[in-house]
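Asker: A structural model of the following input is requested.
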Amino acid sequence: MRGREYISVLALTKELGAPEKVLFNYTFERHRFPPSTRVYVTVEDAEKLRQWYSAKPGQVASESGFISVQEAARKLGIHTETVKARARRLKIPTSRFFKDSNLYIHKDALEKLALRPRFNRARAFPYVKDEAGVLYIAIPEICRQMSVTRQCVNDAVRRREYTVYRGSRGINSIIGYILKRDFCDLVSKKSIDPETLPWDTAKLDEMSPREK
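Answerer: Predicted coordinates:
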């Protein structure tokens, strides 16, 4: 074995009383020495495995520089699902640790997760008119004007069965629009006078039919 000391994973499972598949959740270099089919680790990795298996939930993650998604959400002041969504979009890896059901990200990713995505205004044009000249308001624009989340607006739209217009691209459009009268009805439920909102009325009146 080339002058190094090794121990089989099977021997470790007996020593620790741990299922073999549990120990394989930990990342370590695996060694095989034919004709034996057993998997071996170095004595240094074996000691790390012992420490890992005996650690308290969350201890290994903390010592490795990770932070739970819940804690990240608290620090950033956003919802845990928003943290997960941003991590997926930004391709930030997430990790799980044995004896801990929480999902973790590395602390170094916090700054990147704190940045809000920028949208191309041409793709999210706030107002459109259909071919008949009927005016529609973009859902993202409604969220901005009312200072509420998109999920809140989407839930209200489904609950009140408002018509969602998606322009010439139909279901392929990522932006939904609702009628201005439906918007006025929506804000009235929150005791908001739509006339007090900062609508660019001149722009609305001058608009020609346009698709995003």
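Asker: mind jotting down where the helices sit in the chain?
Answerer: If DSSP state H is used as the criterion, the helices of the chain fall at 9-16, 20-23, 43-54, 59-63, 69-76, 80-89, 110-114, 139-146, 150-160, 180-188, 201-206.
Asker: by contact count, what packs against the third one?
Answerer: Contact here means 3 or more CB pairs under 8 Å, 6 or more residues apart in numbering; DSSP states H and E; on that basis helix 43-54 packs against strand 6-8, helix 9-16, helix 20-23. To be clear about C-beta, it is placed using only N, CA and C from the backbone, and glycine gets the same treatment.
Asker: buried ones in the shortest one, by neighbour count?
Answerer: Of the residues in strand 6-8, those buried under the neighbour-count criterion (16 or more other CB atoms under 10 Å) are Y6, I7, S8.
Asker: then the last one?
Answerer: Of the residues in helix 20-23, those with enough neighbours to count as buried (16+ other CB under 10 Å) are L23.
Asker: what's the longest strand in this structure?
Answerer: As assigned by DSSP state E, the longest strand anywhere in the chain is strand 100-106.
Asker: my read: R38 touches S8, true?
Answerer: Yes - contact criterion CB atoms under 8 Å: R38 and S8 qualify, at 4.6 Å.
Asker: pull the contacting residues for P126.
Answerer: Listed by CB atoms under 8 Å, 6 or more residues apart in numbering, the contact partners of P126 are I137, A138, P140, E141.
Asker: what pLDDT does the model give it?
Answerer: Looking at P126, its pLDDT reads 78.
Asker: got the domain ranges for the chain?
Answerer: As recorded under automatic domain parsing, the domains making up the chain are 6-54, 61-114, 127-206.
Asker: just give the number of residues close to R50.
Answerer: 14 (other CB atoms under 10 Å).
Asker: surely it touches T13?
Answerer: No - the pair R50 / T13 is not scored as a contact, 11.7 Å apart, by CB under 8 Å.
Asker: roughly how far apart are Y6 and V43?
Answerer: Noted for Y6: a distance of 7 Å to V43, by CB to CB, to the nearest Å.
Asker: and what of A114?
Answerer: Taking CB to CB, one finds A114 at 42 Å from V43.
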